[in-house]
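> could you look at this predicted model? Sequence included:
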Amino acid sequence: MYGNLKFSYPEGQPEKGEYIVDKDGGWTPEKNTTTSAVHYARNNGEPLLVHNYWAQRPFPEDVFSCKEISLSPNGLFEETDFANITAPRPVLSRIVDIPGRLLCFLRRIFRR
């Protein structure tokens, strides 16, 4: 979603190279900012949630019991595994989410 993985190095110095994510993917600051995340599962494997760093409305973390990938502000990808967390989300965090979800719902209704 973020782009192709490429190996970049100064001309004639491949030992100084590094892997980069080229910005030719579907998610950039300029395009597909309405997609918050993608829930991905392949061949009945373990699901994976990939968050869109540039989403206008970011998808909350810890909604599904699976691994989640997020792009951090420093350009590195971070993986968090919520698959093995057995404790439910604290009640207070669920209550805090209600006004935001209600506002999003109302916005969608009044845009029609």
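Structure received.
> for residue 9, see how far away residue 38 is.
Distance, residue 38 to residue 9, using Cβ to Cβ, to the nearest Å: 30 Å. C-beta: built from backbone N, CA, C; applies to glycine.
> repeat that for residue 45.
For residue 45, the distance to residue 9 - Cβ to Cβ - is 33 Å.
> check residue 67 too.
Taking Cβ to Cβ, one finds residue 67 at 30 Å from residue 9.
> and these two? which has more neighbours close in?
residue 67 (17 against 11; other Cβ atoms under 10 Å).
> can you tell me which residue is spatially central in this structure?
For the chain, residue 51 is the residue whose C-alpha lies nearest the centre (Cα atoms, centre = their mean; 0.9 Å).
> residues near the closest residue to residue 61 other than its chain neighbours, how many?
Distances taken as Cβ to Cβ, 6 or more residues apart in numbering put residue 68 closest to residue 61, at 6.1 Å, once the chain neighbours are dropped. For residue 68, the neighbour count with other Cβ under 10 Å is 22.
> residue 63 too?
Using other Cβ under 10 Å: residue 63 sits among 14 other residues.
> which residues does it contact?
Residue 63 makes contact with residue 49, according to Cβ atoms under 8 Å, 6 or more residues apart in numbering.
> ok, residue 26 next?
1, 32, 35.
> touching, the last one and residue 55? I think so.
I take that to be residue 35. Yes: between residue 35 and residue 55 there is a contact at 6.5 Å, judged by Cβ atoms under 8 Å.
> the more surrounded of those two?
Per other Cβ under 10 Å, whichever of residue 35 and residue 55 has more neighbours is residue 35, with 18 against 15.
> isn't the residue nearest to the centre of the chain up against residue 70?
Yes: here residue 51 reaches residue 70: they are 4.6 Å apart, a contact under Cβ under 8 Å.
> who touches both of those two?
residue 61.
> for residue 82, state which of the contacts of residue 26 is nearest.
Nearest to residue 82 among these, counting by Cβ to Cβ, is residue 1 at 19.3 Å.
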